[in-house]
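1. predicted model, plus sequence, below.
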Amino acid sequence: MHHVAGEALGNEEQALAEAEPINGEEEREEGEIVPPATPVDKQAQSLQARREAAQAAAAELKARRRALGNIQFIGHLYHKKMLTEKIMHECIKKLLANAEAPKQEELECLVKLMSTVGRQLDVNPKAEMYMNAYFEQISMFSRNVTMESRIRFTLQDLRCNSWVPRREVEGPKKIDQIHADARRDGANRVRAAAGGSSMRRNRGGDYRSAGLDAYGGPPQRGNWGGAASRAPAAKPAGGASTSAPAQPAPPAAKKLSREELENKVRGTLEEYFSTRDKAELSESIKELLGLSEATQIFEQIPLVAISKMRGVDWSLITEVMMHLCGGDQPTLPKQAVQEGTCSLLNTMGVEDVMGDAPKAADWVGGVLGALVSAGVLPLKEVATAILEAAVEEEGQDGQLVDSGSAWKLVGAVLQAVAQNSDQAHMSHHWKDTDLQLDLFFPAFERGDIGKGEAMSKKYGLQGLTAQPDIQAIATIAKTDTEAVRGSG
């Protein structure tokens with residue numbers, strides 16, 4: 001009985017299965033017309049995929065910053081003696097555990113932790129063996145060419161110069177630091193009102209006659225400015241000529257290190273902000289030209305303003321650069337300005353300057369745009385230098401492009417050009433470059449209509465809508481979409 005019932009149930013299930021539509025298709029009556037499948041908008045799918053990739057990248061960046069903040073917080077807890085040295089060593093060992101294929105986020109956390117607690121750990125004689133072992137492995141990582149250049153260079157700088165960071169890191173200030181800054185600014189204003197610094201009052205006088213240079217040290221440029229050195233030697237009485245023994249040539253001036261040049265440039269800028277004396281500014285830069293290359297001086301002016309002079313008025317930095325690089329007789333030669341621009345953009349890409357100062361792209365772009373407007377720099381060369389900055393392998397995008405900073409830089413450049421002339425003039429210059437704005441976006445954002453519109457709105461680039469760039473791509477995409485919908 002039960003066997004017969006089970007057999008009947010099985011036959012019923014088999015019949016139902018045979019009656020179900022094959023491949024999920026619905027059963028249709030004979031002669032029924034099947035509607036055509038909705039066409040797939042491949043462009044919309046591609047755009048959605050890129051948008052999702054951009055969102056994933058933004059989420060990853062947010063998580064990375066949170067992780068770095070947590071690591072720094074752990075380091076500060078150790079500084080306050082709320083965590084032991086043993087815990088710090090365990091954290092470092094954990095971050096160094098993946099010796100064969102270290103992850104980038106692990107190395108970034110290692111750099112942040114070492115920068116926070118490394119100096120304090122290194123002074124303990126008992127930890128010397130451990131620290132040396134750590135840095136043997138870190139040295140191996142820094143030579144790994146498959147890693148990102150920014151990470152490798154940061155690893156190399158960790159223990160150098162007695163743990164002093166190459167770039168000054170500024171955080172929130174205590175109230176006594178704010179008062180000290182206010183007192184210093186007040187003293188500068190009083191000094192400027194009294195007639196400026198001793199350098200300005202004694203141009204060619206006191207400090208040079210005393211055998212000192214403008215920074216209180218021995219003269220670095222031989223007999224520059226000395227009247228006695230230019231006077232011809234007196235001939236002996238009676239017209240007899242005697243040859244004086246040859247004087248040994250003065251030793252060549254020692255070139256400044258990067259840190260020394262940064263400090264000199266910062267002092268020169270602060271002096272100018274107090275006095276607004278452009279002639280003295282030129283004299284100070286000319287003295288630096290004997291101690292460093294013009295290209296390096298050009299590069300360091302904006303970099304020092306970004307890293308060591310937070311809150312500076314960037315219209316003053318633009319004013320400084322225009323005075324030094326423009327005019328009939330510029331202090332910095334045109335060739336050095338062009339080479340310095342490439343070097344500046346490379347440094348910004350390699351050292352991830354925008355990671356520490358997110359507005360740096362707008363600041364530097366404004367300065368470069370002013371130089372373009374003045375005819376000091378060609379727009380095409382500036383735009384090309386932005387695209388090619390910090391390229392690790394030929395055929396790949398540079399780090400400014402990949403990080404999403406290139407479009408901000410070129411947007412700020414074009415905005416400054418438009419502000420110094422007009423939209424039509426800016427559009428004409430951009431058309432002559434034969435470049436497309438879409439190239440300055442990361443690969444996963446190219447063709448994204450929303451990004452192009454956001455760029456145009458932020459930097460006022462509506463004058464470029466007639467060009468074959470993002471706006472043209474947006475128009476074509478919109479037309480194709482409407483055509484597809486109409487055919488459907």
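-> Here it is on my side, so go on.
2. element containing Phe298?
-> Element membership of Phe298 [criterion: DSSP states H and E] is helix 294-308.
3. which elements pack onto that helix?
-> Helix 294-308 makes packing contacts with helix 258-275, helix 278-289, helix 314-325, helix 334-350, helix 353-356, helix 360-373 when contacts are defined by 3 or more CB pairs under 8 Å, 6 or more residues apart in numbering; DSSP states H and E. Heads up, the C-betas are built off the backbone N, CA and C, glycines and all.
4. who touches it?
-> Helix 294-308 is touched from outside by 167-168, 258, 261-262, 265-266, 269, 285, 288-289, 312, 314, 317, 320-321, 324-325, 332-333, 336-337, 339-341, 343-344, 347, 353, 356-357, 360, 363-364, 367, with contacts defined as CB atoms under 8 Å, 6 or more residues apart in numbering.
5. point out the most buried one among the helices and strands packed on helix 294-308.
-> Among the helices and strands packed on helix 294-308, the stretch with the highest mean neighbour count (mean count of other CB atoms under 10 Å) is helix 360-373, at a mean of 24.
6. so which elements touch it?
-> helix 294-308, helix 314-325, helix 334-350, helix 353-356, helix 379-388, helix 406-420.
7. mind running it again at 10 Å?
-> Using 3 or more CB pairs under 10 Å, 6 or more residues apart in numbering; DSSP states H and E as the contact definition, the elements that helix 360-373 packs against are helix 294-308, helix 314-325, helix 334-350, helix 353-356, helix 379-388, helix 406-420, helix 423-433, helix 449-459.
8. what's the closest of these to Ala56?
-> In this view, these are compared for proximity to Ala56 by CB to CB, and helix 449-459 is the closest at 15.7 Å.
9. just the C-alphas of the closest one, formatted as PDB.
-> The C-alpha coordinates for helix 449-459 follow below in PDB (Å, rounded to 0.1, in the frame of the first residue of the first chain):
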ATOM      1  CA  ILE A 449      29.800  62.800 -16.700                       C
ATOM      2  CA  GLY A 450      29.400  63.700 -13.100                       C
ATOM      3  CA  LYS A 451      33.100  64.200 -12.500                       C
ATOM      4  CA  GLY A 452      33.400  66.400 -15.600                       C
ATOM      5  CA  GLU A 453      30.500  68.600 -14.500                       C
ATOM      6  CA  ALA A 454      31.900  68.800 -10.900                       C
ATOM      7  CA  MET A 455      35.300  70.000 -12.300                       C
ATOM      8  CA  SER A 456      33.600  72.600 -14.600                       C
ATOM      9  CA  LYS A 457      31.500  73.900 -11.700                       C
ATOM     10  CA  LYS A 458      34.400  74.000  -9.200                       C
ATOM     11  CA  TYR A 459      36.900  75.800 -11.400                       C
END
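10. tell me the buried residues in it?
-> Within helix 449-459, the residues that qualify as buried by neighbour count (16 or more other CB atoms under 10 Å) are Lys451, Gly452, Met455, Ser456, Tyr459.
11. okay, the residues you listed in CSV with pLDDT next?
-> Putting these into CSV (pLDDT from 0 to 100) gives the following:
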residue, pLDDT
Lys451, 76
Gly452, 79
Met455, 83
Ser456, 82
Tyr459, 87
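12. how many neighbours does Ala424 have?
-> Other residues near Ala424 number 10, with proximity taken as other CB atoms under 10 Å.
13. I'd assumed Ala418 was in contact with it.
-> Yes. With contacts defined as CB atoms under 10 Å, Ala424 counts as touching Ala418 at a distance of 9.0 Å.
14. related to what we said a few turns ago, let me know the closest of the buried residues of helix 449-459 to Ala412.
-> Checking the buried residues of helix 449-459 one by one against Ala412 (CB to CB), the nearest turns out to be Tyr459, at 6.6 Å.
15. how about the closest one, nearest residue that isn't a chain neighbour?
-> Closest residue to Tyr459 apart from its sequence neighbours, by CB to CB, 6 or more residues apart in numbering: Gly411 at 3.8 Å.
16. what about the closest residue to Ala57 other than its chain neighbours, distance to Ser403?
-> In space, Ala57 comes closest to Phe444 once its chain neighbours are excluded; the distance is 7.3 Å by CB to CB, 6+ apart. Phe444 is 12 Å from Ser403, where distance means CB to CB, to the nearest Å.
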